[in-house]
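# Predicted coordinates and the sequence they were generated for:
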Amino acid sequence: GAGVSQSPSNKVTEKGKDVELRCDPISGHTALYWYRQSLGQGLEFLIYFQGNSAPDKSGLPSDRFSAERTGGSVSTLTIQRTQQEDSAVYLCASSFAGAETEAFFGQGTRLTVV
Amino acid sequence: QKEVEQNSGPLSVPEGAIASLNCTYSDRVSQSFFWYRQYSGKSPELIMSIYSNGDKEDGRFTAQLNKASQYVSLLIRDSQPSDSATYLCAVPRSNDYKLSFGAGTTVTVRA
């Protein structure tokens, strides 16, 4: 596709349920990033993939969060047993060859845990 | 020390004025520097990239880089109300290529 695509755009879930957020990067981009942005706050780094590998998982807030990337393309961020504090916009970005190259963001997934 | 720091806002400028945004970074080895614009309720949009010391101009935007001082700035000339947004400075970490963002500076252009 022309840009980074994220789905769903909005997700409302009940506390305790699991959710999956999807990111489809720009074709040919090897690097993929997940960030979280709470209302009125800055970008919080979650995880970075180079190809299918995630050399840096230090940003994941807890063991309820996991992410994978398959085929060097689509990535899924999974949040298990969601909590109200997980409510935020989850942003995905991709770049051609790592952070030294320009990164482009998707439109984000707004997650609301009720 | 934070990896990327931006001047605290909000910054309010009259229409037609120059808005000046500053950013300092901690990683001396960083080679790429980016400015993003984020409108309220939207995702960040890349507006400028700069890799060499000096100035880079793109329309009404000018990025300035000084690697010796670990400083990068963004000037918005002839500011328009449509420039009202939060501007984010982003710098890759050289040791692991994490893209670090500053907290952002919110700019309001008064008509």
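Received it, and whenever you're ready, just let me know what you need. Numbering: from 1, shown residues only, chains lettered A, B, ... in the order given.
# What segments of chain B are helices?
Taking DSSP state H as the test, none of chain B falls into helices.
# where's the closest residue to chain B within chain A relative to B:Ser40, distance?
For chain A, the residue closest to chain B is A:Ala99, as judged by CB to the nearest CB, at 3.4 Å. Placement of C-beta: from N, CA and C, glycine included. A:Ala99 sits 26 Å away from B:Ser40, going by CB to CB, to the nearest Å.
# Those two: which has the busier surroundings?
Taking other CB atoms under 10 Å in any protein chain shown, A:Ala99 and B:Ser40 do not tie; A:Ala99 has more neighbours (25 against 9).
# pLDDT score assigned to the residue nearest in space to the middle of chain A?
Nearest residue to the geometric centre of chain A (CA atoms, centre = their mean): A:Trp34, 3.5 Å. You'll see A:Trp34 listed with a pLDDT of 96.
# Isn't it up against A:Thr78?
No: with contact defined as CB atoms under 8 Å, A:Trp34 does not reach A:Thr78; the gap is 11.0 Å.
# Please say whether there is contact between the lowest-mean-pLDDT helix or strand in chain A and chain B.
Within chain A, no helix or strand scores below strand A:53-56, which has a mean of 83 by mean pLDDT, DSSP states H and E. Yes: contact of strand A:53-56 with chain B (CB under 8 Å from any CB of the partner chain) involves A:55-56.
# which secondary structure elements does the helix or strand following that strand contact?
Following strand A:53-56 in sequence order, the next helix or strand is strand A:65-69 (DSSP states H and E). For strand A:65-69, the packing partners by 3 or more CB pairs under 8 Å, 6 or more residues apart in numbering or on different chains; DSSP states H and E come out as strand A:44-50, strand A:75-79.
# Turn these into CSV, including mean pLDDT, distance to chain B and mean neighbour count.
Shown next, in CSV, are these (pLDDT from 0 to 100; distance: least, CB to the nearest CB, whole Å; neighbours: other CB atoms under 10 Å in any protein chain shown):
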stretch, mean pLDDT, distance to chain B, mean neighbour count
strand A:44-50, 93, 6, 21
strand A:75-79, 98, 15, 20
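# Which one, of those strands, ends up nearest to B:Ser82?
B:Ser82 lies closest to strand A:44-50 among the helices and strands packed on strand A:65-69, at 27.7 Å (CB to CB).
# How far does the least confident helix or strand in chain B by mean pLDDT sit from its chain's centre?
None of the helices or strands of chain B scores lower by mean pLDDT, DSSP H and E than strand B:99-101, at a mean of 92. In terms of CA atoms, centre = their mean, to the nearest Å, the centre of strand B:99-101 is found 12 Å from the chain centre.
# Can you pull out the residues in contact with that strand?
Applying CB atoms under 8 Å, 6 or more residues apart in numbering or on different chains, the contact partners of strand B:99-101 are A:33, A:35, A:42-43, A:45, A:48, A:93, A:95, A:99, A:103, B:3-4, B:25, B:34, B:36, B:88-93.
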